[in-house]
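1. What follows is a protein structure lacking sequence information:
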């Protein structure tokens, strides 16, 4: 069997609680909260909608026969329920969120206000174009910021997230190769790549060929170049890479790739390190998705929504998906019909309905206008400075496999410093929760053992960084001195102790069920 | 008379006549952690030596299980769908994955004996 | 700069600790030729809030907001009233600025509401299990087709002509890579005979109801025809509020439901972000894409929630994943969940009834205008009119008069001759009698 060695304990066992029990089960400001299905009751509602007379003759005989089964709650109950739930969440607004490769920077509130202007929030994608010129102008302005910052001639705006952008990029590559009359089915992906890269390559119909890393954490450029051939469609690299390092031979790799007739896809997840200082276009990339929810501060929202526009080189630009934003004497319009394509355009198709994540476009442009090119450059510098400050302050007590030289916007540690202590990366991370921090990215990238990837971003004050460093230093020293109390069974102070993920996977319970649940029809 | 052999991919195969029973080793089960799901091949499926035959999943990992020798699958261990934990509890007994009719007994010579496998694991 | 907390003193101290001469030293791995200065970017400098607010407000003012005019667009995005509590709650820091719940001990808020969301989606669609959302209805439909191909080990997908053309194009983009996509002819106002096309190479049939013209489709006979050939029925719903009044796909034999949830909790937002709903039978669980939240207990015996069955996903399975998807629609799911919690059974039912009543009233009035005929005999809150001339020209004319009269079908299907004179009109609980008066009068004038 392939020894995918990310297995680690996923069932925590039981622990004694030595807390003083309360009568209510709640503790101070920490409230337990049931499901809405357990709280609600029939006939109650939180929205007063009048009952109307309605004839059902126009429903095609398909009027709903039974109730949906939704619980009823009043507005005060709904607000209390979701407020209590919110208080069980960590958030960047509440504390440092050192998640490597996620760029948990501050989410400016002006972004939220602008996105909610009725002229942006209350417009329909299919309104007559004369009535949405402001929206189309915004998209055009954002496109200009993205292409200028990256030094690329074109950008596809419709992908709904980074992974969706990766798919878009690979599909333009596939179309460009087909247009040359060739068939190339192999894509080279570093073993340090984020899982979306090989998953996307497979989805786009390619086979994945892994490129190893060198001992100093870079992609092995020699191995990469040796793997090039007439069946290679593209390479997918992340730069700076997932170990937090800039790829020094990137231009050389780009040239070799192009010489072999292939294309260079760049995963733009780490753009926050170089925005305003380096243009990926100058490095020879052909396509790069930009995570607006990372580099450009649109909120992570507990997991989404994201947006992943893809900048494209001149070679790939003709294959950008529909719709295409064009401007003529009458103003802006979206080209959605293949019969109306501008000269040279050969879109591979459509990535999704409508035009893309407008709500995220407004937020990202607000961020860009607020920072300006000078502010974006300063933000990248501060991000890199902060990561290096953390690296320099911790590498003597923790182990940084590539810590000899500077890192970019994130610092990578591994679990060598914990060897022999009985404390794992997982235990270390869970103990951070008790200290009031969200853990860093753990066990990624896969090229080091027990990885801990720390990305502070530019949004932390020096005091905040110093506090964080002090806590991690102390934890590392304790672990190495054999003091395990902090780590065993952590976290203890969070709304929940460690959860049984084994049971959740063996016997999945994915919804609440009423006592008399109707089966789905055969 | 039954003989058991081991692969360097951490599968074991026990031969009784021309029926083989296949599973993963204790070492593999320990590395994997709590097994939550097993994807078994259907009866009738033909696999070559070293071909992908099954998938075993823990919470955080999914691993392919390869056929130690070539043949045709006759049965999967359906008990594992209700109780994947058997793989952790008794990986080399009740936690077996599938049975197969083998094509070429000589393929066994490519595999390790229990002692050889124990040595192999020590060196990992 | 207001968002950057480091001072120049801080920066100097930090550089000193690092032992670097200046910030450039930290970029030493970057080839010198690739480093550019400020002047390389023809972009503006830092601006204060006031200036940015002014700039963007001016840009927003150039758009006609749906709430400022008689407004009748649907075709995949619907304008419903979202209670004030929803937007207030989703802007709480702990929801807005939290990450994916990979550390469940400090993310029970997110995990629990997603568990509630999954339950709500399963209840609405009449299916056994639902995921924690995909990007939108169109990509959810594409994922459903890929899932059906995997489950049946067949490659042909048949798309109904009533499927939203953007959805069909999205499906073709990915499904053409792994199989064959066939589209039936477009038959506005009528159900095409899709059952007759199903053969034993068919992985799935994809049918939208109400369809892009608004027609309500009976999925039961299609489900039966598909199952008879061991193919799967994928039901698509673009107006989720319709499930408050119409039989859900799960009750009619659908195997997978791909839906757009925008109509509950989320505004029009010029096309995104929206929220893709995805539900299926429990036996297909392991082939389902997207995140899943499951119930479990913690070490202290308390009930809690975790992301589960992650081995389907990209971060573990990599090139063998069921999908490449990494994000879900997070905050849009939350808005959906909160809005539906506020509505409850009673509110949701009344909302759906109000929509149908409003649309029926408008359809009656409009079809009485000379030259105008209603071609959809059944509908929920959206119907299609046949006009004596091209619908696009009429819509532009009415827009110049301040009326957003709906979506000309030709916008979605520019090469269907039958569609040129068709106008797709949606009416929800937000449309008023005054809006109708204005629309009817303007339409009558345009027809004369």
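-> Here it is on my side, so go on. This is a predicted model, so every value here is computed, not measured.

2. Could you find the closest non-adjacent residue to residue A:431?
-> Nearest residue to residue A:431, sequence neighbours excluded (C-beta to C-beta, 6 or more residues apart in numbering or on different chains): residue A:490, at 4.2 Å. Just so you know, the C-beta spots here come from the backbone N, C-alpha and C atoms, and that holds for glycine as well.

3. and that neighbour, what helix or strand is that in?
-> Following DSSP states H and E, there is no helix or strand that holds residue A:490.

4. burial count for it?
-> 24 (other C-beta atoms under 10 Å in any protein chain shown).

5. excluding its backbone neighbours, what's nearest residue C:300?
-> residue A:497 (4.8 Å).

6. ignore the last one, residue C:243
-> Residue C:243 sits nearest to residue C:124 (C-beta to C-beta, 6+ apart), 4.8 Å away.

7. do the same with residue B:76
-> residue B:40 (3.3 Å).

8. And residue A:279, by the same measure?
-> Residue A:279 sits nearest to residue A:151 (C-beta to C-beta, 6+ apart), 3.0 Å away.

9. Just give me the neighbour total for the one you found.
-> There are 19 residues near residue A:151, going by other C-beta under 10 Å.

10. Residue A:280 is in contact with that one, correct?
-> Yes: using C-beta atoms under 8 Å, residue A:151 makes contact with residue A:280 at a distance of 6.7 Å.

11. Point out where the chain drops to low pLDDT.
-> You didn't say which chain, so I picked chain A. A:3-8, A:16-18, A:516-519 (pLDDT under 70).

12. should've been chain C
-> C:314.

13. where do the strands sit along it?
-> Using DSSP state E, the strands of chain C run over C:129-130, C:156-159, C:180-183, C:202-208, C:232-237, C:256-260, C:276-280, C:293-297, C:303-307, C:373-374, C:382-386, C:407-408, C:422-426.

14. Can you tell me which of these is nearest to chain B?
-> strand C:303-307 (9.1 Å; C-beta to the nearest C-beta).

15. how about that closest one, does it reach chain A?
-> Yes: Strand C:303-307 is in contact with chain A by C-beta under 8 Å from any C-beta of the partner chain, via C:304-306.

16. Tabulate those residues (a markdown table), appending neighbour count.
-> Formatted as a markdown table, the residues of strand C:303-307 next to chain A follow (neighbours: other C-beta atoms under 10 Å in any protein chain shown):
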| residue | neighbour count |
| --- | --- |
| C:304 | 25 |
| C:305 | 27 |
| C:306 | 28 |
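
17. Please tabulate those residues in CSV, including the columns distance to residue A:262.
-> Converted to CSV, those look like this (distance: C-beta to C-beta, whole Å):
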residue, distance to residue A:262
C:304, 47
C:305, 44
C:306, 41
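
18. got JSON lines for the residues you listed, with distance to chain B too?
-> Formatted as JSON lines, these follow (distance: C-beta to the nearest C-beta, whole Å):
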{"residue": "C:304", "distance to chain B": "15"}
{"residue": "C:305", "distance to chain B": "15"}
{"residue": "C:306", "distance to chain B": "9"}
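
19. nearest to residue C:286, of the residues you listed?
-> residue C:306 (17.0 Å; C-beta to C-beta).

20. now the helices: where do they sit in the chain?
-> Assuming you mean chain A. A:36-39, A:75-86, A:109-115, A:118-121, A:133-150, A:162-179, A:196-203, A:221-227, A:250-259, A:358-394, A:425-434, A:462-480, A:501-506 (DSSP state H).

21. Can you look at chain C instead?
-> Using DSSP H, helices in chain C cover C:8-18, C:23-26, C:49-61, C:84-90, C:93-96, C:108-125, C:137-152, C:165-178, C:220-228, C:314-317, C:330-367, C:391-400, C:409-412, C:433-447.

22. mind checking which of those is nearest residue C:74?
-> Using C-beta to C-beta as the measure, helix C:330-367 is the one of the helices of chain C that comes nearest residue C:74, at 9.5 Å.

23. Tell me the residues of chain C that contact chain B?
-> C:286, C:308, C:310-311, C:316-317, C:320.

24. 10 Å - rerun?
-> By C-beta under 10 Å from any C-beta of the partner chain, the residues of chain C that approach chain B are C:286, C:306-313, C:315-318, C:320-321.

25. Those residues, buried ones only, as a PyMOL selection?
-> Buried subset of these, written as a PyMOL selection, criterion 16 or more other C-beta atoms under 10 Å in any protein chain shown:
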select buried, chain C and resi 306+307+308+309+310+311+312+313+315+316+317+318+320+321
